[in-house]
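# Okay, here's the prediction I keep looking at, along with the sequence it came from:
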Amino acid sequence: MDLVLIWFVLIAVLWTGYLVLEGFDFGVGMLLPLLGRDRGPGSAPAVPGQRSTSTEDRRRTLLTTIGPHWDGNEVWLLTAGGATFAAFPHWYATMFSGMYLPLLLLLVTLILRNMGLEYRHKRTDATWVRRWDVAIVGGSVIAPFVVGVALTNLVVGMPMSEHFSGETAYTEFSGSVLDLFTPVTLLGGLALTALCLTHGAHFVALKTRGPLRQESRTLARVAGAVAAALSLVLLLALGADRGTVASWVAAGVAVVALVVSIAANTKGAERLAFAGTSTTIAMVVVGYFLMLSPNAINGRDGGPALTLEAAASSSLTLTIMTWAAVVFTPIMLGYTVWSYWIFRRRLSVDHMSRTDTRTEEMVG
Amino acid sequence: MDVLELARWQFAITTVYHFFFVPVTIGLSAIVAWYHSRWIRTRNEEHLRMAKFLGKLFTINFALGLVTGIVQEFQFGMNWSTYSRFVGDIFGAPLALEALLAFFLESTFLGLWIFGWGRIPERLHAATMWIVHIGTVLSAYFILAANSFMQNPVGYRINPETGRAEMADFLAMLTSPVQLAAFPHVITACYMVGGAFVMAVGVHKLRTVGADAKGGALADRRMYRHAARLGAVVTLVAGLGVVISGDVQGKVMTEVQPMKMAAAEALYETPPEGECAPFSVLTVAGLGGEDPTHVIEIPCLLSYLGTGSWDGQVQGMVELENEYRASFGDGELTRADTYIPPIAMTYWNFRLMMGAGFFAMAVGAWVLWATRKDRVPMQRWVGPLMVLAPIATILGHSFGWIFTEIGRQPWVVFGEMATHTAVSPSVGSTDVWISMGVFTLLYGALAVVEVRLLLEYIRRGAEPFEEPRLVTDDEPLAFTY
């Protein structure tokens, strides 16, 4: 296998890692208002206008399930960006300058969401917590949507034209921001958001005890049905246009895995359910990359595409990067797995600490 | 403003802002790790309390350093796509390695440190913060290597077929003379920031506890006094490292970027053969070069700083401009039609950088003196001084960065690519206006939030000692969101 292809595969792996891992972070963020609501009798807030302690504890439990991990999960995106820059500079340059405003939106939502996750628990006053909740929930909905739109654009094709740098031709985005939002790219955004929600609900079912676990399973059923419908339409729409035998296989596996996952969730097989949505997300990425190959960005309406060959770095750079990846990726995976192992226990609202200043200020 | 100017402003704003938080992260992580390990060795309760207290301040700061870093990585592609195409083969590799080797390490192990109380064996737990620190230093190495390539491109060749720069020798790029000089300079300056921060917090809390503390407050006083003095020592020792590494860097700069050194000194004419170059401490009139404007000069010092010899030859800007025109063409590459960078910016940022550093070192020395033999400096002006000292170290970084980046102009990659050719052709000025506006507002708001939060946590101070122990499955966790 030549180096260009290896790096194309590795970038697909990085996107898979990002969307599988941060995918459930996004899902947990979206679940905050859905699961983080007290339904029990007799638990009205002590102070009018304040949230009840139970609501707050539920939200804290949800956030604590991803607490030690979300930051590391996000690095997959940064690595995907950096690896694209190193291995396919033209891809990085064309994609990021071409999708300027959507990328801006993604960066702003990621910033606000991260700040929310880091700062929400630093103070206890209700306004502070509520504002950061908005940032977390908003970011968790918008970020996967924008990523879905962006990746779908690569597959359906972006309007591009040829330019010359000296004697070398390269393709450059030549549309406007409105060209990036078509029915099918919007569908891509919606499908990914719904998948992340389902994936997140499966993760919460796997990581919690008590009512949270039950409620997230119930919710996962609804979310899973929506995600399955959206994904099916999306993959059919993209496949009709760009499908290859291999991409149809990947799309098929994605849909089957999702159906298995929904069934497993209903039966209470939480690990299988989580593995199922992980597989679905991975297979969607695989399908996307199969529909891209041998291009890095497809052209729209018969316009020029950016081919992988033209986008790639020199073989020396690719060789160095390959060795770095061979040596360091196992180490990185090793400690990532270790950190998930350390924090493997299920959490319940009873695990939330009470000894800190939080509770006093809540009452006072 | 056109796209070029907007993109440059945006890069300056986001980079300088990002770099307010990075040095605190690098310097403070080492001190938190040190306190945590000290506690395991000495079982001194105050050390654990300080580790946790400073650790909280660390996480508040880390959050902003991280989110502003995401923008940094993406804006090369957003605003500077021609640049990214031209040097991606070389410039992308350290960025990718930074993510793979450093970001994962920092993020994963910081998660382990924050949530690991009562879950990880204590030695391993203390090690996680050291690993976070190693991650931050590695990250700095890679990003500086990428920047050093822009200052002094080595280990590459231009491929005539593709018209872009390609990697020829990765190791040479990672270990270029500029990189080997810049890395220790930046890292020691980061320790200086961490030291000054801990010193300032320590002195402030020491004054709050007061000189006449009794009972339990005595332990607090001992603890904060220790932090104040530790911070002061770190500031001084690191400051010494900054001076030494800065001296080395000056010589490398004179060698590979003589124009930057000349601009930093507003040195127009090369001194006649056999005469040394003076260092100007202060200039009052304009920096136009028409009149003798340097009012305070130290004879021959520039020669020494630039070459290591008191009578070394330092080239002036006029001579260098002629040389560059001869080798790079007559202004063809540059929009401004000159190879001389903006002189006032380089001249003053160079001096502000050094002034800020020396000021912080002086404060560090004073704190050691003022806290000797259990003394507590209660004078009214000490409060503002403790606010100024860490800010000075952070601004010193910013001045240094502005100096080194402005001094590189009109090049984005020295000798290879002019800045004005590097912008994204497909991006209009409206787009850049929008993003610059959004980032400026967002960054401004976040800065206010962070500073207020930091002050609140500093005011609360270290929490009482609590014996750490492994928690069982059913009891509340030591740390939750």
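Alright, I've got the coordinates. Numbering: from 1, shown residues only, chains lettered A, B, ... in the order given.
# any idea of the pLDDT on residue B:233?
Note on residue B:233: pLDDT of 96.
# same deal with residue A:304?
87.
# And for residue A:121?
pLDDT, residue A:121: 89.
# ok, now residue B:288?
So, for residue B:288, pLDDT stands at 60.
# How about residue A:38?
69.
# and if you look at residue B:215?
76.
# Identify all contacting residues around stretch B:259-272.
With Cβ atoms under 8 Å, 6 or more residues apart in numbering or on different chains as the test, stretch B:259-272 has contacts from B:250, B:253-254, B:277, B:279-280, B:283, B:287, B:289, B:293-294, B:302, B:306, B:313-321, B:324, B:339-343, B:346-347, B:350, B:403-404, B:407-408. C-beta coordinates here come from the backbone N, C-alpha and C atoms, glycine included.
# Buried among those? Need that as a selection in ChimeraX.
Listed next is the ChimeraX selection for buried residues among those, using 16 or more other Cβ atoms under 10 Å in any protein chain shown:
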select /B:250,253,254,277,279,280,283,287,289,294,302,306,313,314,315,316,317,320,321,324,339,340,341,343,346,347,350,403,404,407,408
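# Out of the contacts of stretch B:259-272, list just those in helices.
Members of these lying in helices (criterion: DSSP state H): B:250, B:253-254, B:302, B:306, B:317-321, B:324, B:343, B:346-347, B:350, B:403-404.
# Could you check the pLDDT of residue B:244?
On the pLDDT scale, residue B:244 gets 93.
# Could you do the one 5 residues further on as well?
Each residue has a pLDDT score; the one for residue B:249 is 89.
# Does it touch residue B:185 like I think?
Yes - look at residue B:249 against residue B:185 with Cβ atoms under 8 Å: they come within range, at 5.2 Å.
# What backbone torsions are found at residue A:347?
The phi/psi pair for residue A:347 (degrees, to the nearest 10) reads phi -110, psi 150.
# distance of it from residue A:119?
21 Å (Cβ to Cβ, to the nearest Å).
# Residue B:136 now?
20 Å.
# so where's the chain shaky on pLDDT?
As the question left the chain open, I've gone with chain A. For chain A, applying pLDDT under 70 flags the ranges A:1, A:38-53, A:165-168, A:354-364.
# not quite, I wanted chain B
B:283-295, B:330-336.
# can you count the residues close to the closest residue to residue A:89 other than its chain neighbours?
Spatially, and ignoring its direct neighbours in sequence, residue A:89 is nearest to residue B:88 (2.2 Å; Cβ to Cβ, 6 or more residues apart in numbering or on different chains). Counted with other Cβ atoms under 10 Å in any protein chain shown, the neighbours of residue B:88 add up to 31.
# ok, residue B:88 touching residue A:84?
No - using Cβ under 8 Å, residue B:88 is not in contact with residue A:84; the gap is 9.1 Å.
# For chain B, give me its nearest residue in chain A.
At 2.2 Å from chain B, residue A:89 is the closest residue in chain A, using Cβ to the nearest Cβ.
# ok so, going back, what element comes up after the helix or strand hosting the residue nearest to residue A:89 heading to the C-terminus?
Element membership of residue B:88, judged by DSSP states H and E, is helix B:81-97. Counting by DSSP H and E, the next helix or strand C-terminal to helix B:81-97 is helix B:104-115.
# which element follows that following helix toward the C-terminus?
Taking DSSP H and E, what comes next after helix B:104-115 is helix B:122-151.
# Buried residues, that next one. List them.
For helix B:122-151, by 16+ other Cβ under 10 Å, it's B:122, B:125-151.
# Please list which of those are also close to chain A.
With Cβ under 8 Å from any Cβ of the partner chain as the criterion, the buried residues of helix B:122-151 include none near chain A.
# Now for residue 32, how many residues are close by?
No chain specified, so I'll use chain A. With other Cβ under 10 Å as criterion, residue A:32 counts 20.
# hmm, I had chain B in mind actually
28.
# ok, now residue A:101?
Residue A:101 has 18 nearby residues by other Cβ under 10 Å.
# the strands in chain B, which residues?
B:156-159, B:164-167, B:279-283, B:294-298, B:411-413, B:417-418 (DSSP state E).
# Alongside chain B, which residues does the stretch 251-364 of chain A contribute?
Counting by Cβ under 8 Å from any Cβ, the residues of the stretch 251-364 of chain A that sit close to chain B are A:313-314, A:316-317, A:320-321, A:324-325, A:328-329, A:332, A:335-336, A:339, A:342-343, A:345, A:347, A:350-355, A:357.
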